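Asks: What shape does this take:
(one chain, ligands or ions: 2)
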Amino acid sequence: MNRADTWSDRLAGVDAPALEAALDEDGFALMPRLFEPDVCRALAAAYADERHFRSRVVMARHGFGRGEYRYFAYPLPEPVASLRSALYPRLRGIANRWNAAMGLEVRYPPQHAGFLEQCHRAGQTRPTPLLLQYGPGDYNCLHQDLYGEHVFPLQAAVLLSEPGRDFDGGEFVLTEQRPRMQSRPMVVPLRQGDAVVFAVNQRPVQGTRGSYRVTLRHGVSRVRHGQRHTLGVIFHDAT
Ligand SMILES: O=C(O)CCC(=O)C(=O)O
Ligand SMILES: [Fe+2]
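Replies: Residues are numbered from 1 along each chain as shown. Ligands and ions are numbered 1, 2, ... in the order given. Okay, the predicted model is just below:
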């Protein structure tokens, strides 16, 4: 069995109706223990090896927060490549249903390779999966990972460090901006190896008089002690 099959099998064990219900209710869903601790450690350690990456961003230089991240270069290393292509078909139905509910015409093809072709034809050719590294005092301002016209409306992040042991603080947070209402904050309780799937930008909410759109942003509260690493999996590529 090749690695991509292994990841498809692994994701086949995910409770799809529960994932979908959580995404519809809150705009995010947890996938607990997606990575084993040894995989988390290996990926976090890979941050130091420049050869895996196409660029490095020091967040304070751009007003993005404090801390840094690196975008992987193609070909993506394992398990990032397999996870990205195996997760996409599990989220595509929700993405298409959300777009229909929001009155958007875009629909996503069955396989990630097909969607990437669309991105690449539009000049979005640079890989977007990334590793983030935070030390004491670091944080990530609320943001959206939009990198061009082509956007897949869901993304995933995997926490590679263990809260309480490797770091304190550094909570993954989301805000949901509702039309003519105050924003709703959400804190996502993650442990090492847990993944969160969440809305990149907008999602539909079913109200009593039809559906309306809310806008999500995500970020990370200040890390108090220790080191925190995350893997980010974004399905569209960047210009
Ligand atoms: O470090 C985090 O948990 C946030 C990661 C993030 O912004 C992303 O994956 O897009
Ligand atoms: Fe992000």
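
Asks: Distance from the longest helix seen in the chain to the middle of the chain?
Replies: Longest helix in the chain, counting residues (DSSP state H): helix 80-101. From the chain centre to the centre of helix 80-101 is a distance of 12 Å (C-alpha atoms, centre = their mean, to the nearest Å).

Asks: which of the residues in that helix are buried?
Replies: Buried residues in helix 80-101, counted by 16 or more other C-beta atoms under 10 Å: 80-88, 90-92, 94-96, 98-99, 101. In this view, the C-beta of every residue, glycine as well, is placed from N, C-alpha and C.

Asks: helices or strands up against that helix?
Replies: The contact analysis (3 or more C-beta pairs under 8 Å, 6 or more residues apart in numbering; DSSP states H and E) places helix 80-101 against helix 3-12, helix 16-26, helix 112-121, strand 154-159, strand 202-207, strand 228-233.

Asks: Partner strands of the fifth one, with direction?
Replies: Think strand 202-207. Sheet partners assigned to strand 202-207 using DSSP bridges are listed as strand 210-220 (antiparallel).

Asks: middle-most residue in this structure, spatially?
Replies: residue 156 (2.6 Å; C-alpha atoms, centre = their mean).

Asks: how long is stretch 128-142 from one end to the other?
Replies: Chord length of stretch 128-142, first to last residue, is 18 Å (C-alpha to C-alpha, to the nearest Å).

Asks: do it and ligand 1 meet at all?
Replies: Yes. Stretch 128-142 is in contact with ligand 1 by C-beta under 6 Å from any ligand atom, via 132, 140.

Asks: What residues does the residue in the chain that ligand 1 sits nearest to make contact with?
Replies: Closest approach between the chain and ligand 1, counting by C-beta to the nearest ligand atom: residue 232, at 2.4 Å. Counting by C-beta atoms under 8 Å, 6 or more residues apart in numbering, residue 232 touches 69, 128, 129, 130, 131, 132, 145, 155, 156, 157.

Asks: Got phi/psi on the closest residue to residue 151 other than its chain neighbours?
Replies: In space, and not counting its chain neighbours, residue 151 is closest to residue 236: 5.4 Å by C-beta to C-beta, 6 or more residues apart in numbering. Main-chain torsions, residue 236, degrees, to the nearest 10: phi -90, psi 150.
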